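[1] coords below, sequence missing:
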């Protein structure tokens, strides 16, 4: 059975950058749009960015627009979330998810979830 595996999380200082990866195994990622969600304790998981299947369409929430960039390499079956100018408010568990299209992902209609990778931003 296919799965999504995130990597690239870690502990950084405010103002630094991280790049998260979402690798698909057993599935062809190009068949899906990919979304990036994050969750902090006591709060619901929320979508922050998404990219369409061919990669031409993208979506960002206002909080990350201009700082985060979502991309994908369908030849490598992988998607990325480049995060710049990180702040402590970006500290969260980050998940990637696969869905039919960006609209489905925005409605949280998800086909596959990754297991999550922790991002911690210190002052």
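    Thanks, I have it. Please read all numbers here as calculations on a predicted model, not as lab measurements.

[2] what about the residue nearest the centre of the chain, which SS state?
    The centre of the chain sits closest to residue 36, judged by Cα atoms, centre = their mean, with a distance of 2.5 Å. Taking DSSP: H, G, I helix; E, B strand; the rest coil as the rule, one finds residue 36 in the strand state.

[3] bridged to it, which residues?
    With beta bridges defined as DSSP bridges, residue 36 has these partners: residue 49, residue 96.

[4] look up how far residue 16 lies from it.
    As for residue 36, its distance to residue 16 is 18 Å (criterion: Cβ to Cβ, to the nearest Å). Quick note: C-beta positions are derived from backbone N, CA and C, even for glycine.

[5] residue 5 too?
    Between residue 5 and residue 16 the distance, using Cβ to Cβ, works out to 23 Å.

[6] over to residue 44?
    In this view, residue 44 and residue 16 are 27 Å apart by Cβ to Cβ.

[7] among the two, which residue is more densely surrounded?
    Ranked by neighbour count (other Cβ atoms under 10 Å), residue 44 and residue 16 place residue 16 first, with 14 against 8.
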